[in-house]
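# Please work out how this folds:
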Amino acid sequence: MEAAATLSSFSILFSRPPVRFLASVSLPLLSNPRAVAPRFRNLCRSVITSCSADRVVARPSSELRRKHSVSGPEDEKLRALRELFSRPGIGIDAYIIPSQDAHQSEFIAECFMRRAYISGFTGSAGTAIVTKDKAALWTDGRYFLQAEKELGPDWILMRSGNPGVPTTIEWLNDVLTPGCRIGIDPFLFSSDATDELDEAISKKNLELVFLYDMNLVDEIWGESRPKPPTKPVRVHNIKYAGVDVSSKLSSLRSELLEAGCTAIVISMLDEVAWLLNLRGNDVPHSPVFYSYLIVDTAGAKLFVDNSKVTNQVIAHLKTAGVELRPYETILSELESLAAEGGKLWLDSSTVNAAVVSIYKSACNKHGRSGEKGPAALFKASPISIAKAVKNEAELEGMRNSHLRDAAALAEFWVWLEEEISRNARLTEVEVADKLLEFRGKQAGFLETSFETISGYGANGAIIHYRPDPESCSIVGTKNLFLLDSGGQYVDGTTDITRTVHFGEPSSRQKECFTRVLKGHIALDQAVFPENTPGFVLDVLARSSLWKVGLDYRHGTGHGVGAALNVHEGPQGISFRYGNLTTLQEGMIVSNEPGYYEDHSFGIRIENLLYVKEANLPNSYGGIRYLGFEKLTFVPIQSKLVELSLMTPGEINWLNEYHSQVWEKVSPLLNGSAREWLWNNTRPLPH
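This is a model prediction of the structure:
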């Protein structure tokens, strides 16, 4: 999948490089933990204030303008939301609606899709702001075309990152007058995000208001709002996890002691799942479950809806010394921790503002705050890197799941080519559904790792296109077809993009495809010294495109979890140089350069790679050098390759790759699929 995670909603919101690749599900998950919040309201007052014939130039989205109706009835949802602004106890002039849940999740449960509900924009990243007379939505280049289609006439589309487009903070400071109050749900923003927001708007004498007791979008959503997820949690087999829970907790406790902390609050759902060797079904495409985890020097407490916990899970946790607590009691537990003394480790870039502010207030109440603030260490979670560096069992699971996934894709592609050759009328949605059917036949398949991007022609230029059954295109032979998909398996997570043409591609399309392929090869062959951050490698994937004035609006690679989130931080490969996380042996990243001509076609070629030590004749400075090993083994369509643009070394790379594809995947196939694989892995001539 295109590197969605390279621009999180927080970077859209605050125009800074993201610290994590993952994004805050409101705390009222079970009954209503907001009922706990009134006990802390008095404690938190201080925080509350706080485009010739042979040359085509694609028009940038910034030149496109939506044709809004000049007049018409006000959007009913916006009207209802604005009515709440003046309700006693609220009293605000603007309300910010982010994409997140309370755990910085990229994919969230349907009941927490508040920004999509209020705006109609269904992309995974974006921020909506509603004032008393305006409604605006910020999103990045992956979603410009999608947002143009989905937003109603009452909404202003802010193409984040384009020249002249203000950030959310700049816009708020411009449209609001001094003294105005900006409301947020503190459960949906990280603590760092609210601190930055508060500091920036205070310069214009605007006030940030934490609305603990209700989410205003939930209030107007009412009874039609979907119910919270209730599917059971499951144990992740040790043969896939590689390390038992007790060992992971022991390593974490060593880090706590070294940092002088007595406990840590873990709110990222994939971190909880990884640490406890558990998986869930609460969030589409990600095998996680809504929970918080507090680990101290002697024990651990998992805050989760107990109805999801099976007897097998209970026994699994008991062996590791993990106690169960109701999800909503996390807030009262924080007060107890403040009262007991000690020092709490909090990752303020991921833990939501409600948790941090309530802990700070409780420390004040119990006299445990000094000149340097509360008894806490605000530092990145130590689990982030530990989870990103895969052990051998995790890598083996990823290798095996990718081969089964490749077999499913071979069976799918031969089916699709046969259908197209007999002029079958297939929609983008039907194609995506058929791919799911083939994946579903593979051992250990659970679900897709993200919603399949099945885009024909102009739709392929919408980087995060999602086909709709009512309006999607027919897949034909006149244009390119882009398919970005992935699967969640019990032993691994896959993510692959291939771009194909079922007819005769134009010379323009072949050139663009080949330049994308050259970038893909350059990154795949990279060798770099240890301690190199991912952004340093990004230029390798873009260089061939840059030479003719082309580029793409997304990062080149994102981290991937092992049987976990398809987008995993903190590692990545992007032009955004704020992420200084170094690439380490065992980390997994995607390699997915692309090119997109708005309203014409899109191209992306994606494989997953893992970082490994390079076997070199020298070791300058005594340091190790690293390189990549491929996990993805699916043919790249040869007819789209313009050989005159390829070097002999690049042709060798493609031929060697296809030789590996045949060797590794053919044993899993028979009949027409095996024949298809043979035909599509034949060597190209020099």
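# Would you agree F210 is in contact with S357?
Yes - at 6.8 Å, F210 counts as touching S357 under the criterion of C-beta atoms under 8 Å. Placement of C-beta: from N, CA and C, glycine included.
# Comparing these two, which shows the higher neighbour count?
For the pair F210 and S357, the greater number of neighbours falls to F210 (25 against 22), based on other C-beta atoms under 10 Å.
# Look up how far T647 lies from the more buried one.
Per C-beta to C-beta, to the nearest Å, F210 is found 58 Å from T647.
# Then N215?
For N215, the distance to T647 (C-beta to C-beta) stands at 56 Å.
# Compare the two (neighbour count), which wins?
Each of N215 and T647 has its neighbours counted (other C-beta under 10 Å); N215 has more, 22 against 11.
# What lies in contact with stretch 374-385?
Residues outside stretch 374-385 that contact it (C-beta atoms under 8 Å, 6 or more residues apart in numbering): 19-20, 191, 252, 255, 259-261, 264, 266, 268, 271, 274-275, 338, 341-350, 359-360, 363-364, 368-369, 569-570, 581, 584.
# switch to 7 Å and redo it
Contact partners of stretch 374-385, identified using C-beta atoms under 7 Å, 6 or more residues apart in numbering, comprise 252, 255, 259, 261, 266, 268, 271, 274-275, 342-350, 359-360, 363, 368, 569-570.
# Please apply the same query to stretch 524-532.
For stretch 524-532, contacts defined as C-beta under 7 Å, 6+ apart pick out 537, 540, 582-583, 591, 609, 614, 623-628, 630, 653.
# what does stretch 638-653 give?
Outside stretch 638-653, the residues that touch it by C-beta under 7 Å, 6+ apart are 501, 505, 510-511, 513-515, 517-518, 521, 525, 684, 686.
# change it to 8 Å
499-501, 505, 507, 509-511, 513-515, 517-518, 521, 524-525, 654, 680, 682, 684-686.
# now stretch 219-238
Contacts with stretch 219-238, where a contact means C-beta under 8 Å, 6+ apart, come from 25, 29-30, 77, 80-81, 84, 109-111, 114, 117, 218, 244, 273, 277-283, 289-290, 304-305, 307-310, 312-313, 316, 490, 563.
# buried set for that stretch?
Residues of stretch 219-238 classed as buried: 220-221, 225, 228-229, 233-236 (neighbour count, 16 or more other C-beta atoms under 10 Å).
# likewise stretch 501-517?
Buried residues in stretch 501-517 (16+ other C-beta under 10 Å): 501-502, 505, 509-517.
# I'd like the C-alpha coordinates of that stretch written as PDB, please.
Taking Å, rounded to 0.1, in the frame of the first residue of the first chain, the C-alpha atoms of stretch 501-517 are listed here in PDB:
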ATOM      1  CA  HIS A 501      -2.000  -3.000 -19.100                       C
ATOM      2  CA  PHE A 502      -4.300  -5.500 -20.700                       C
ATOM      3  CA  GLY A 503      -3.900  -3.900 -24.200                       C
ATOM      4  CA  GLU A 504      -1.200  -1.800 -25.800                       C
ATOM      5  CA  PRO A 505       0.300   0.800 -23.500                       C
ATOM      6  CA  SER A 506       1.300   4.200 -25.000                       C
ATOM      7  CA  SER A 507       4.900   5.300 -25.200                       C
ATOM      8  CA  ARG A 508       4.200   7.800 -22.500                       C
ATOM      9  CA  GLN A 509       2.900   5.100 -20.100                       C
ATOM     10  CA  LYS A 510       5.800   2.900 -20.800                       C
ATOM     11  CA  GLU A 511       8.300   5.700 -20.100                       C
ATOM     12  CA  CYS A 512       6.600   6.600 -16.900                       C
ATOM     13  CA  PHE A 513       6.300   3.000 -15.800                       C
ATOM     14  CA  THR A 514      10.000   2.300 -16.600                       C
ATOM     15  CA  ARG A 515      11.200   5.400 -14.600                       C
ATOM     16  CA  VAL A 516       9.200   4.200 -11.600                       C
ATOM     17  CA  LEU A 517      10.700   0.700 -12.000                       C
END
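# quick one: the helices in the stretch 501-650 of the chain?
Remark: helices assigned in the stretch 501-650 of the chain by DSSP state H, counting those that start in this stretch are 507-524, 538-546, 648-665.
# Which one of the contacts of stretch 524-532 is nearest to S485?
N591 (16.1 Å; C-beta to C-beta).
# what's the spacing between that closest one and V351?
From N591 to V351 the distance is 32 Å (C-beta to C-beta).
# Same check on Y359?
From Y359 over to V351 (counting by C-beta to C-beta), the distance is 9 Å.
# In the chain, where's the longest helix?
Counting residues, the longest helix found in the chain (DSSP state H) is helix 392-421.
# If you count contacts, what does that one end up packed against?
Here helix 392-421 touches helix 238-241, helix 428-440, strand 487-489, strand 492-493, strand 496-501, strand 607-613, helix 648-665, helix 671-679, going by 3 or more C-beta pairs under 8 Å, 6 or more residues apart in numbering; DSSP states H and E.
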